[in-house]
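*Asks:* need coordinates for the below:
(2 chains)
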Number of protein chains: 2
Amino acid sequence: MNYSQSVLNGDRLLLARLLTQVENDSPESRAALIELFPHTGKAHLIGVTGAPGTGKSSLVNQLALHFRKIQNKRVAIIAVDPSSPFTGGAVLGDRVRMRDLSGDTGVFIRSMATRGSLGGLAQSTANMSQVFDAAGFDIVIIETVGAGQSEVDVARLAHTTLVVEAPGLGDDIQAIKAGILEVADILVINKSDRPGVENTEKALKSMLDLAHPTERVFQHHGQLMRTSAPKQDSPSAPMWIPPIVRTVATEGKGIAELAESIAGHVAHLTQSGDWAVRDRARLEVELDALIRETLVNRFRENVPQKQVDDALERIIQRELSPWEAVKSLMNGGYK
Amino acid sequence: MNYSQSVLNGDRLLLARLLTQVENDSPESRAALIELFPHTGKAHLIGVTGAPGTGKSSLVNQLALHFRKIQNKRVAIIAVDPSSPFTGGAVLGDRVRMRDLSGDTGVFIRSMATRGSLGGLAQSTANMSQVFDAAGFDIVIIETVGAGQSEVDVARLAHTTLVVEAPGLGDDIQAIKAGILEVADILVINKSDRPGVENTEKALKSMLDLAHPTERVFQHHGQLMRTSAPKQDSPSAPMWIPPIVRTVATEGKGIAELAESIAGHVAHLTQSGDWAVRDRARLEVELDALIRETLVNRFRENVPQKQVDDALERIIQRELSPWEAVKSLMNGGYK
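*Replies:* So this is what the prediction gives:
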């Protein structure tokens, strides 16, 4: 079946089928990805991340509605769902979202369970983005839950990364945010009608000050995006200081302001040349991942599984260290 | 410097230095790991994971004190700290912990920032565990924060995995727990003097029932560990149903009960043969990671960086898909 031509022609059913193929990493999906690749590079990839309880999914939903209805953009959502396949969280999530967005061919929502390796997940997400990009979606929103590496991976994939926070999620939630702040382009305080919103904003601001000390701004001849527009009269790029936007997604409050901040970030990326920089970084990560995967597949073809099993047995008996085992596997069986 | 002999002799200073070498993945550390490996395989590896705000670190602290003072065990703690190096979270964490545990040569605490790749982090943690194991620590506690893959990686590394929860951390925190429950051997409700503890326990119990349906228990001829001891008269192993233990770590409450549950899990692992199964699984993951790393290093030695750079440039121009690029890199430059 020729997926790529159908997807380019806007066939929604075959798009859905191809996404499943991509998730399963089938040979058909690889062939389609090669054919679709020349048609990519146009979509704006937006990563949205934040802890559970921040109302991230509602926010993504509202944002997609805004892009669709106000800006007339075609929007795809990839929801990387931490619920196991077992609990059916991914399916349920889709159903809840669909109440607002279903029936609109300019919106496509896809959930993905986080089974398999993280590397595999990042790869699947990257591939799905490419499919949506080639299929003519203007905006691809990638939504993830989690802490640490997965955020960094999303940031690598996205042009714009939103980190969602909410008041009253616990005192030391800030600890985990320190690492996340470094990948945030825009900070969102959702559920901002809740008590404690001032404290949350204050905490985020002081962390931002730590992460973006003013001296660095001056050194770069840049200006705070929150106070005035960046100048391009200096060869060094202006710095982007993540703005803090308050929203109440369930009531649609602050969504227009958030969309404006996102547009501001796109303008910044384009003017500073960072759009191309991020595009390059993303493709570099992808190339690297593919190289690794291909190397492992080659190894498996060349070294009999029995040799690996025997080595493992000797490691378990503590006769051989893992390092020594790898050395002998490479020299003996791998050419 | 011969680290391994000094570490085997109980030299604390060289142990600390070797751990730094291991974190930096230096050639010296690799040599030492090969020499230390035959001395590993004795320690009980305990993984402790949970969201920020659950008081996980205090719990680990109290647990270590209990193992040390009541059971006279030598205890090592590897705290995988999600704070960035920038904020100094890892250092601060150490200082806070040290008030209770410092000056005791039977306790060793090591923080590790989660920089670098997740694969690299898992590898460093595995290597550090081996160093502590060889150095004669009876128990190695590996503490992580985060959601998703990092928990699974800890579970793979540990013989016993504790998942820490706390009352009142937000409504939909349960969503993220669904995946985590599948790797939990023991569930801890810390801060159990807080309101809402009954609801938390009820939610955990119903999720446990979903994850461990009674039919499966009967099919395995096993018995609920919470109601009676497992029988070994059937060839199929008894099932372990994760017990739920309430603690208030800051007051030392429930720590003895938790230690008892951990001892129960060790007994289960030994009787069922699962100890060996987990040992094997851990070493298999480690061998696999080492093979991958070595393959990549070989590729880098064999394929000039310029070829990779040129391929990336063509990918960025959308002249070549990543898949096609890898194929040509492998065929042209890699022998």
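
*Asks:* domains of chain A?
*Replies:* Taking automatic domain parsing as the criterion, chain A consists of the domains A:43-84+A:93-105+A:140-292, A:303-333.

*Asks:* winner for burial among those?
*Replies:* Among these, domain A:43-84+A:93-105+A:140-292 has the highest mean neighbour count (mean count of other Cβ atoms under 10 Å in any protein chain shown), at a mean of 19. Heads up, the C-betas are built off the backbone N, CA and C, glycines and all.

*Asks:* flag the shaky bits of the stretch 1-150 of chain A, pLDDT-wise.
*Replies:* A:1, A:81-103, A:113-120, A:146-150 (pLDDT under 70).

*Asks:* circling back: looking at the domains of chain A, which has the lowest confidence?
*Replies:* Here the lowest mean pLDDT among these goes to domain A:43-84+A:93-105+A:140-292, at a mean of 77.

*Asks:* now residue A:61: which helix or strand?
*Replies:* helix A:56-69 (DSSP states H and E).

*Asks:* packing partners of that helix?
*Replies:* strand A:44-50, strand A:75-81, helix A:89-101, strand A:107-113, strand A:139-145, helix A:255-272 (3 or more Cβ pairs under 8 Å, 6 or more residues apart in numbering or on different chains; DSSP states H and E).

*Asks:* now for the fourth one, which elements pack on it?
*Replies:* Helices and strands touching strand A:107-113, by 3+ Cβ pairs under 8 Å, 6+ apart, are helix A:12-24, helix A:56-69, strand A:75-81, helix A:89-101, helix A:118-134.

*Asks:* okay, now the sheet partners of the shortest one, with direction.
*Replies:* Think strand A:75-81. The pairing partners recorded for strand A:75-81 under DSSP bridges are strand A:107-113 (parallel), strand A:139-145 (parallel).

*Asks:* would you turn those into CSV with distance to residue A:45?
*Replies:* Output for the strands paired with strand A:75-81, formatted as CSV (distance: least, Cβ to Cβ, whole Å):
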stretch, distance to residue A:45
strand A:107-113, 14
strand A:139-145, 5
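
*Asks:* is residue A:45 in contact with residue A:159, as I believe?
*Replies:* Yes - between residue A:45 and residue A:159 there is a contact under Cβ atoms under 8 Å: 5.0 Å.

*Asks:* close to chain B, is the longest helix seen in chain A?
*Replies:* The residue-count maximum for a helix in chain A (DSSP state H) belongs to helix A:274-302. Yes - Helix A:274-302 reaches chain B (Cβ under 8 Å from any Cβ of the partner chain) through A:279-280, A:283-284, A:286-287, A:290-292, A:294-296, A:298-299.

*Asks:* measure residue A:252 to residue A:137 for me?
*Replies:* 22 Å (Cβ to Cβ, to the nearest Å).

*Asks:* scratch that, residue A:8
*Replies:* 12 Å.

*Asks:* the two: who's more crowded?
*Replies:* More neighbours surround residue A:137 than the other of residue A:8 and residue A:137, with 23 against 16 (other Cβ atoms under 10 Å in any protein chain shown).

*Asks:* contact partners for the more buried one?
*Replies:* Neighbouring residues of residue A:137 by Cβ atoms under 8 Å, 6 or more residues apart in numbering or on different chains: A:43, A:74-76, A:108.

*Asks:* which among those residues gets closest to residue A:126?
*Replies:* Set against residue A:126, the nearest of the contacts of residue A:137 by Cβ to Cβ is residue A:43 (12.2 Å).

*Asks:* give me the nearest residue to that closest one, chain neighbours excluded.
*Replies:* Closest residue to residue A:43 apart from its sequence neighbours, by Cβ to Cβ, 6 or more residues apart in numbering or on different chains: residue A:133 at 4.0 Å.

*Asks:* now do residue A:192
*Replies:* In space, and not counting its chain neighbours, residue A:192 is closest to residue A:246: 3.8 Å by Cβ to Cβ, 6+ apart.

*Asks:* got it, and residue A:253?
*Replies:* residue A:247 (6.0 Å).

*Asks:* what's the answer for residue A:18, then?
*Replies:* residue A:3 (4.4 Å).

*Asks:* tally of neighbours for that neighbour?
*Replies:* Residue A:3: 23 neighbours (other Cβ under 10 Å).

*Asks:* so who does it touch?
*Replies:* Contacts of residue A:3 (Cβ under 8 Å, 6+ apart): A:14, A:17-18, A:21, A:28-29, A:31-32.

*Asks:* sorry, back to before: can you redo the helices and strands packed on helix A:56-69 as TSV with distance to residue B:258?
*Replies:* Shown next, in TSV, are those (distance: least, Cβ to Cβ, whole Å):
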stretch	distance to residue B:258
strand A:44-50	31
strand A:75-81	31
helix A:89-101	29
strand A:107-113	31
strand A:139-145	28
helix A:255-272	44
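
*Asks:* picking that back up, settle this for me: the residue nearest to residue A:253 is touching residue A:187, isn't it.
*Replies:* No - counting by Cβ under 8 Å, residue A:247 stays clear of residue A:187, with 10.9 Å between them.

*Asks:* could you report the distance from residue A:242 to chain B?
*Replies:* 15 Å (Cβ to the nearest Cβ, to the nearest Å).

*Asks:* same check, this time on residue A:318
*Replies:* In terms of Cβ to the nearest Cβ, residue A:318 sits 5 Å off from chain B.

*Asks:* tell me the SS of that residue?
*Replies:* coil (DSSP: H, G, I helix; E, B strand; the rest coil).

*Asks:* and for residue A:72?
*Replies:* Applying three-state DSSP: residue A:72 is coil.

*Asks:* residues contacting the nearest residue to it once chain neighbours are set aside?
*Replies:* Nearest non-adjacent residue to residue A:72, counting by Cβ to Cβ, 6+ apart: residue A:106, 8.0 Å away. Shown in contact with residue A:106 (Cβ under 8 Å, 6+ apart): A:68, A:72-75.
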